[in-house]
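A.B. asks: give the three-dimensional model of this entry:
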Amino acid sequence: MTALQGLKREKGCLVPGPEEAGKMPALPGRSQGAPRTRKVMTCPGFAQLLDYLDGRLHRTAVESVSTHLAQECRRCEADVSWYRHVQLVAASDDSVEPPPWVVKRALRLFTAPPVSVSIGARVGAVVASLVFDSFSRPAMAGARSSGVEDRQLLYRAQDYSIDVQVAASDESRAEVNGQILREGELMFESVTGLQLDLIRNDRTVLSTVTNDRGEFTIPAIEFGSYDLRVDAYEASITIVGLPIAE
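C.D. replies: Down below sits the predicted model:
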């Protein structure tokens, strides 16, 4: 019997029969009948892979991740491709931080109780009360003063809040920036176009008006204590003894 006579036909192909199977030569480097095994690759964790791509991975782990990626693991290649796309999208993002008044308005929507908004008869003069002063907070241990620092103050009168920031412009003068908001009001109808008077020793030093978001700016003025009067619709609100870099 020839070698071809010991083969049987299965589905159009000649395969060795039972008697001839044992006579077939073994493949080089593989024993006859040894099971065939596949090497299983251990993928790095997703967080570890991102640290590798961002250059944050410790140098002792960089080599193993690089070796793994060189083996063309499809799963890790897909993760790398996805993260590269995320980086490109983030790099092309031209969004900017919202201005401070937007953040303050958003916070008040969640913290202020709803109140009815109406412009009625004036109730006279109201003195605003101080509810926050950044200078009243204890300084951090070990922190060094850099001279005259910016000061943040928050006053409240009825349902109005007046946010004031004092920033020194030189050794003897400071600029005042602020915003007036009315609690429960989604827009700025009640705080637009309000007149403000800065008063010292019963004399008006400077006058200005709020913009369409209730913001105002008082240019560089001498250090000292001033009264700030706001001519609101319901009342004349006065901040007594506003400290300008004192």
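
A.B. asks: specify the beta-bridge partners of Phe132.
C.D. replies: Leu154 (DSSP bridges).

A.B. asks: can you give me every residue that contacts it?
C.D. replies: Gln152, Leu153, Leu154 (CB atoms under 8 Å, 6 or more residues apart in numbering). No exception for glycine: its C-beta is placed from N, CA and C like everyone else's.

A.B. asks: so which of those residues comes closest to Ile199?
C.D. replies: Nearest to Ile199 among these is Leu153, at 16.8 Å by CB to CB.

A.B. asks: where in the chain is pLDDT low?
C.D. replies: By pLDDT under 70, the low-scoring segments of the chain are 1-41, 93-123, 137-148, 246.

A.B. asks: and the strands in this protein?
C.D. replies: Secondary structure of the chain (DSSP state E): strands at 7-10, 13-16, 124-127, 129-133, 151-157, 160-168, 173-182, 195-200, 203-209, 215-222, 224-231, 235-244.

A.B. asks: can you redo those as TSV with distance to Gln71?
C.D. replies: Shown next, in TSV, are those (distance: least, CB to CB, whole Å):
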stretch	distance to Gln71
strand 7-10	36
strand 13-16	33
strand 124-127	75
strand 129-133	59
strand 151-157	57
strand 160-168	58
strand 173-182	59
strand 195-200	70
strand 203-209	69
strand 215-222	60
strand 224-231	70
strand 235-244	68
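
A.B. asks: could you point out which of those sits nearest Val80?
C.D. replies: strand 13-16 (41.4 Å).

A.B. asks: surely Leu57 meets Gly45?
C.D. replies: No - at 10.8 Å, Leu57 does not count as touching Gly45 under the criterion of CB atoms under 8 Å.

A.B. asks: the more surrounded of the two?
C.D. replies: The neighbour comparison of Leu57 against Gly45 (other CB atoms under 10 Å) goes to Leu57, with 19 against 9.

A.B. asks: got the phi and psi for that one?
C.D. replies: The phi/psi pair for Leu57 (degrees, to the nearest 10) reads phi -70, psi 140.

A.B. asks: count of neighbours near the closest residue to it other than its chain neighbours?
C.D. replies: Of all residues not flanking Leu57 in the chain, Asp51 sits nearest, at 4.2 Å (CB to CB, 6 or more residues apart in numbering). Neighbours of Asp51 under the rule other CB under 10 Å: 17.

A.B. asks: ditto for the one 5 residues further on
C.D. replies: Applying the criterion other CB under 10 Å, we find 9 residues in the vicinity of Arg56.

A.B. asks: just the one 3 residues further on next, same as before
C.D. replies: Burial of Arg59 is recorded as 6 neighbouring residues (other CB under 10 Å).

A.B. asks: which residues touch Thr52?
C.D. replies: Let me fix one detail, which is that residue 52 is Tyr and not Thr. Contacts here follow CB under 8 Å, 6+ apart; on that basis Tyr52 touches Pro44, Ala61, Val62, Val65, Ser66.
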